[in-house]
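Colleague: Let's see this in three dimensions:
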Amino acid sequence: MVASLTRRFGDLDIAEEAAAEAFAVAVQRWPADGIPPNPGAWLTTTANHKAIDRIRREAKREDKQKQAQMLYDDDPPAPTGAIVDERLRLIFTCCHPALAMETRVALTLRMVAGLTVPEIARAFLVQETTMGQRITRAKAKIKAAGIPYRVPSEEDLPTRVSGVLAVLFLVFNEGYLATGPDTDPVRHELTAEAIRLTRLVRDLMPEDGEVAGLLALMLLTEARRTARVSADGELVTLDEQDRGAWDATLVAEGHGLVRERLTSGVAPGRYQLLAAVNAVHTSARDIRDTDWTQVVALYDQLVRLDPSPIVVLNRAIAVAELDGPEVALASVDRLEGALAGYHPYHATRADLLRRTGRSRDSRAAYDKAIELAGNTAEVAYLTRRRDQLR
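Modeller: Reported below is the predicted structural model:
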């Protein structure tokens, strides 16, 4: 867009400032008015108007005013840069390296992906007010610093791809298990769009292992979608799912990507390790055939890369299958301070307490998980499990 504006107005400074102003207007209006049907054209048209306004303000000669009037037109420019898809181009543009990683991801989720502030807050495990303030500060920084709306070139993609992958991962997660009570338990439109955009990133960056890893993770997870919610609207956990209902085509494609990365000789990153975990699960014809030793080993690698409480929690779930619930429970209990507001922590703890025969403590943990969970299918499952306790 900047290149097009520069060609049209003959001034790089005017083009960059007009693009930045258009981006700032989008930040202010889109959260309230909604994303327009054609975001790129909207931004380009707004930038054209801003550029013309500046020329008119600054022009001291009559011929400049005439020139500005002649340049005014609503013809949308041809796509610029390496990214053809409009939404993906916006995501790469919004993931500006001048912003902190969490901030650029949160802002992009709000502006481009259309997630609500509560959904984004739950994804980051923070209070809604905290996330709202974070997004507001990001908008203010963009405006004050004059961060330009500039479509990244092919050379810019490696510095922005980590933020883009984080955005796509969180969009997929919101679709995979919606966090709000007022939406469908599984939002296929979000998972499908996240997969579509990740495929496009893969086309742009075929040698990037984490792009391949994220795509594999999404495919192996999406393959189980139709088996994850029962006919009466209750979540079906992995150990109870009908594995014959899994999408064999998606499983095969995901496994192929995982094998490709394993043979690359490059140390795997976070998404590749998560994809490998899912490959182990989807390779087992029955839950009893799962190679839990391999799952724990993969989580051990992941903990070294990302020692976050959620990763440690997921590792403990696998440890329970390998070494027993008592060992896993000791690890889970140490996470209370970090994950007190995270309902899967309480659901995991409730199940481990149930397996160790501590029914009263298990019931209390289920109650807390039900209180915090927003997904209707998950609430139904947790309620049934709690009510089965003696």
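Colleague: I'd like the mean pLDDT over the one helix or strand residue 44 maps to, please.
Modeller: Assigned by DSSP states H and E, residue 44 belongs to helix 39-58. Averaged over helix 39-58, pLDDT sits at 71.
Colleague: For residue 280, the count of nearby residues, please.
Modeller: 19 (other C-beta atoms under 10 Å). C-beta here means a position set from N, CA and C on the backbone, and glycine is covered the same way.
Colleague: again, but for residue 361
Modeller: If we define neighbours as other C-beta under 10 Å, then residue 361 has 15 of them.
Colleague: What of the one 10 residues further on?
Modeller: Residue 371 has 11 neighbours, counted by other C-beta under 10 Å.
Colleague: Which parts of this protein belong to which domain?
Modeller: Split into domains by automatic domain parsing, the chain comes to 2-71, 317-390.
Colleague: These: lowest mean pLDDT?
Modeller: Across those, domain 2-71 gives the lowest mean pLDDT, at a mean of 62.
Colleague: Show the average pLDDT along the strand or helix carrying residue 220.
Modeller: Using DSSP H and E, residue 220 sits in helix 209-222. Averaging pLDDT along helix 209-222 gives 98.
Colleague: following the strand or helix carrying residue 279, which helix or strand shows up next?
Modeller: Using DSSP H and E, residue 279 falls within helix 270-283. Using DSSP H and E, the helix or strand that directly follows helix 270-283 along the chain is helix 292-305.
Colleague: quick one: buried residues of that following helix?
Modeller: By 16 or more other C-beta atoms under 10 Å, the buried positions in helix 292-305 come out as 292, 295, 296, 298, 299, 301, 302.
Colleague: how close does the last one sit to residue 318?
Modeller: Distance of residue 302 to residue 318, given as C-beta to C-beta, to the nearest Å: 11 Å.
Colleague: With the second one instead?
Modeller: Shown here: residue 295 relative to residue 318, a distance of 4 Å by C-beta to C-beta.
Colleague: and what of the fourth one?
Modeller: Between residue 298 and residue 318 the distance, using C-beta to C-beta, works out to 9 Å.
Colleague: And for residue 343?
Modeller: Residue 343 is 19 Å from residue 318, by C-beta to C-beta.
Colleague: One more: residue 267?
Modeller: 21 Å.
Colleague: Fine by me, thanks again.
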